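Participant: Fold the following and give me the result.
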Amino acid sequence: MSLLAQWREDIRCVFERDPAARTTFEVLTTYPGVHAIMLYRLAHRLWRAEWRYLARLLSFVARLVSNVDIHPGAVIGSRFFIDHGACVVIGETAEIGRDVTLYHGVTLGGTSWRKGKRHPTLGDGVLVGAGAKILGPITIGANARVGANSVVVQDVPEGCTVVGIPGKVVKLREAGQLNPYGIDLDHHLIPDPVGKAIACLLERIDSLEKRVEAGGLVATGSQQQFYEGCNPDNSICESDCAGGAGALVQPAGRRRAAPTPVIE
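Facilitator: Modelled structure (predicted):
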């Protein structure tokens, strides 16, 4: 495919994935992600032609212009889009398939100083959320989604969603209607495995406390004694320990800590 044809596809895909895009002229003049990929396409051709210094110099200029750092040795497929192009880093041995979308702050980095394959491989149709880090010579399967701010250090199967630090594959929840062009942009509509685990533990603790109290195994003053042993500066202990401190009378002379806010 010619360089001009690649540029045309890169520009055309912007209208498919960014509803704010209005005209080709606007995209060409105001989209740093587009500037970065267009200059990368040229630098990559120089790199393959063994004009290594010129390729690196051009990629350096592209970083100054767009705040996106793409090594000219990386291999990137057609219709690649960086939304809100800023602070994106793509390493030398990274390989990116077709129709891939990255948001700002994404890093495709390495975990070794040794030469050779040390950066990730992204399959076709992968979407990576803002701030996510994909590290090492791992493979992200086709049509996988990486949640914002995740840190992925292991392979991800095709069609899966990964979230968290370190990234964990979670069951994909129905995210509503797909984009008319077949690209699912609702990468924020995913389960929270850590939050779910904590919620299950809290329910279990509540159930066990009720069973213990129903059996009459807890004396009236025992919880009060438990709270008296807490550090007065430990607001989590005073407000969130078993039974809650809200129903207890605070010891004389001790200031009650502010309740811990609940985030839903």
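Participant: which residues touch the closest residue to Gly125 other than its chain neighbours?
Facilitator: Leaving aside its sequence neighbours, Gly125 sits nearest to Asn143 (Cβ to Cβ, 6 or more residues apart in numbering; 4.2 Å). C-beta: built from backbone N, CA, C; applies to glycine. By Cβ atoms under 8 Å, 6 or more residues apart in numbering, the residues touching Asn143 are Gly123, Asp124, Gly125, Val126, Glu158, Gly159.
Participant: Restricted to buried residues, select the residues you listed in ChimeraX.
Facilitator: Applying 16 or more other Cβ atoms under 10 Å to the contacts of Asn143, the buried members can be selected in ChimeraX as follows:
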select :123,124,125,126
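Participant: quick one: Val153 and Leu135 touch, right?
Facilitator: Yes: in this structure, Val153 is within contact of Leu135 by Cβ atoms under 8 Å, at 5.4 Å.
Participant: list residues touching both of the two?
Facilitator: Among the neighbours of Val153, those also in contact with Leu135 (Cβ under 8 Å, 6+ apart) are Thr111.
Participant: Of these two, which one has the most company?
Facilitator: Leu135 (21 against 14; other Cβ atoms under 10 Å).
Participant: Kindly state the pLDDT recorded for the more buried one?
Facilitator: On the pLDDT scale, Leu135 is placed at 92.
Participant: so for stretch 101-120, what's the average pLDDT?
Facilitator: 89.
Participant: Show the end-to-end separation of it, please.
Facilitator: 15 Å (Cα to Cα, to the nearest Å).
Participant: which parts of that stretch are buried?
Facilitator: Result for stretch 101-120 [16+ other Cβ under 10 Å]: buried residues 101-110, 118-120.
Participant: the helices in the protein, which residues?
Facilitator: 3-17, 24-30, 32-48, 52-66, 193-214, 222-228, 235-240 (DSSP state H).
Participant: What are the buried residues along the third one?
Facilitator: It refers to helix 32-48. Buried-residue list, helix 32-48, by 16+ other Cβ under 10 Å: 32-44, 46-47.
Participant: now that helix, how far from the centre of its chain.
Facilitator: 25 Å (Cα atoms, centre = their mean, to the nearest Å).
Participant: The fifth one now?
Facilitator: Once both centres are worked out by Cα atoms, centre = their mean, helix 193-214 turns out to sit 29 Å from its chain's centre.
Participant: when you give positions from now on, start the count at 2
Facilitator: With the count now opening at 2, the last piece we talked about shows up as helix 194-215.
Participant: okay, and for the stretch 102-251 of the chain, where does confidence drop off?
Facilitator: 172-194, 217-251 (pLDDT under 70).
Participant: Could I get the contacting residues of Gly168?
Facilitator: Val147, Gly148, Ser151, Val152, Val153, Val154, Gln155, Val157.
Participant: try 10 Å this time
Facilitator: 133-136, 139, 141, 147-148, 151-155, 157, 162 (Cβ atoms under 10 Å, 6 or more residues apart in numbering).
Participant: picking that back up, CSV for the contacts of Asn144, including distance to Ala215?
Facilitator: Below are the contacts of Asn144 laid out as CSV (distance: Cβ to Cβ, whole Å):
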residue, distance to Ala215
Gly124, 54
Asp125, 57
Gly126, 54
Val127, 52
Glu159, 49
Gly160, 47
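Participant: which among the contacts of Asn144 gets closest to His85?
Facilitator: Val127 (17.3 Å; Cβ to Cβ).
Participant: how about the spatially most central residue of the chain, phi and psi?
Facilitator: For the chain, the residue nearest the mean C-alpha position is Ala149 (2.4 Å; Cα atoms, centre = their mean). Per-residue torsions, Ala149: phi -60, psi 140 (degrees, to the nearest 10).
Participant: could you measure it against Ile38, distance?
Facilitator: Ala149 sits 21 Å away from Ile38, going by Cβ to Cβ, to the nearest Å.
Participant: Sort out for me which of the buried residues of stretch 102-121 are in strands.
Facilitator: Per DSSP state E, strands hold the following members of the buried residues of stretch 102-121: Thr102, Leu103, Thr108, Leu109, Gly110.
Participant: can you put those residues in CSV and add distance to Cys14?
Facilitator: CSV is the format used below for those (distance: Cβ to Cβ, whole Å):
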residue, distance to Cys14
Thr102, 9
Leu103, 12
Thr108, 22
Leu109, 19
Gly110, 24
